[in-house]
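1. The following block contains a protein sequence and its predicted model.
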Amino acid sequence: MDCTHCTPKTCKNLDSCGAERYDEAAVEEAYRDPSAQAIVQAAAALVDGGKAGTVSRLREIIEFAQSMKYKKIGLAYCYGMERDAESVGAIFREHGMRLMGVACTVGGVAQDDVNQSSSTHTVSCNPIGQAEQFNAEGADLVILMGICMGHDILLQRKLQCDVTTFVVKDRVFANDPLRILRGYPEADPLCVKDV
């Protein structure tokens, strides 16, 4: 299946294109689960009724967390974004939520301890440590903020709670990964010619 090459777009008219390979009945049943319904309804409150596009991503996360009655919010952030992470924490606290900010260097682990092929003995990112800290503190939701590619995957694999993303790190395009698709002259030529 590759929806990007579909021209009839029948799914937008409540009709299947027939290319689905999942168990439709099982999917429908999964949506009946009360925990799935809570998320679906909280998300719908942010999109339905003309609200889509009227609030920032940060405001969406705050309203979603409030709707879900999350009490302990984790912020997994890159140490290079610490000043911004402090600002996010202050905003969440202003909205009556507890925010636990955990930097990527938590625990002070060396690169050669984390990466078996490295001989560098300087501080390493520790996404598994971040996840375990949030798990130990009982986070209800973890927000990713600038976690490196790959580290974000390890972090999400280990978390035992809901996860969302606030900032995706893109060192070339000022954390705006879509910029490469918008024809900026400094775009990576290998990606642009594929677009």
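-> Happy to help now that I have it. Residues are numbered from 1 along each chain as shown.
2. Low-confidence stretches in the chain?
-> 184-195 (pLDDT under 70).
3. need the strands for it, in chain order.
-> Here the chain has its strands, by DSSP state E, at 72-77, 98-103, 141-145, 162-167.
4. hey, C-alpha coordinates of the first one in CSV?
-> What that stands for is strand 72-77. Extracted C-alpha coordinates of strand 72-77, given in CSV (Å, rounded to 0.1, in the frame of the first residue of the first chain):
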residue,chain,number,x,y,z
LYS,A,72,2.7,13.6,35.8
ILE,A,73,4.1,15.0,32.5
GLY,A,74,7.6,14.0,31.4
LEU,A,75,9.7,16.2,29.2
ALA,A,76,12.5,14.2,27.5
TYR,A,77,14.7,16.9,26.1
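5. who's in contact with it?
-> Residues outside strand 72-77 that contact it (CB atoms under 8 Å, 6 or more residues apart in numbering) are 65, 84-85, 88-89, 92, 97-104, 127, 130-131, 134, 137-147, 155, 161. All C-beta spots, glycine's among them, are computed from the backbone N, C-alpha and C.
6. where's it relative to the chain centroid, distance-wise?
-> 11 Å (CA atoms, centre = their mean, to the nearest Å).
7. now the angle between strand 98-103 and it, please.
-> 20 degrees (axes from the mean of the first three to the mean of the last three CA atoms, to 10 degrees).
8. Within its sheet, name the partner strands of strand 72-77 and how each one runs.
-> Paired strands of strand 72-77, with direction, are strand 98-103 (parallel), strand 141-145 (parallel) (DSSP bridges).
9. returning to that earlier point: of the strands of the chain, which stretch is the most buried?
-> Of all the strands of the chain, strand 72-77 carries the top mean neighbour count, a mean of 25, counting by mean count of other CB atoms under 10 Å.
10. how near is the residue nearest the centre of the chain to L141?
-> Among the residues of the chain, the one closest to the centroid is T165, at 2.3 Å (CA atoms, centre = their mean). Separation of T165 from L141 (CB to CB, to the nearest Å) stands at 12 Å.
11. Just the C-alphas of stretch 85-105, formatted as CSV.
-> Extracted as CSV, the C-alpha positions of stretch 85-105 are listed here (Å, rounded to 0.1, in the frame of the first residue of the first chain):
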residue,chain,number,x,y,z
ALA,A,85,12.8,23.0,28.1
GLU,A,86,12.8,25.4,31.2
SER,A,87,10.2,27.6,29.4
VAL,A,88,8.0,24.6,28.5
GLY,A,89,8.2,23.4,32.2
ALA,A,90,7.1,26.9,33.4
ILE,A,91,4.1,26.9,31.0
PHE,A,92,3.0,23.5,32.1
ARG,A,93,3.3,24.5,35.8
GLU,A,94,1.2,27.6,35.1
HIS,A,95,-1.5,25.3,33.9
GLY,A,96,-1.4,23.3,37.1
MET,A,97,0.5,20.3,35.9
ARG,A,98,3.6,18.7,37.3
LEU,A,99,6.4,18.5,34.7
MET,A,100,9.5,16.3,35.1
GLY,A,101,12.2,17.4,32.7
VAL,A,102,14.9,14.8,32.1
ALA,A,103,17.9,15.7,30.0
CYS,A,104,19.4,13.3,27.4
THR,A,105,22.6,13.1,29.5
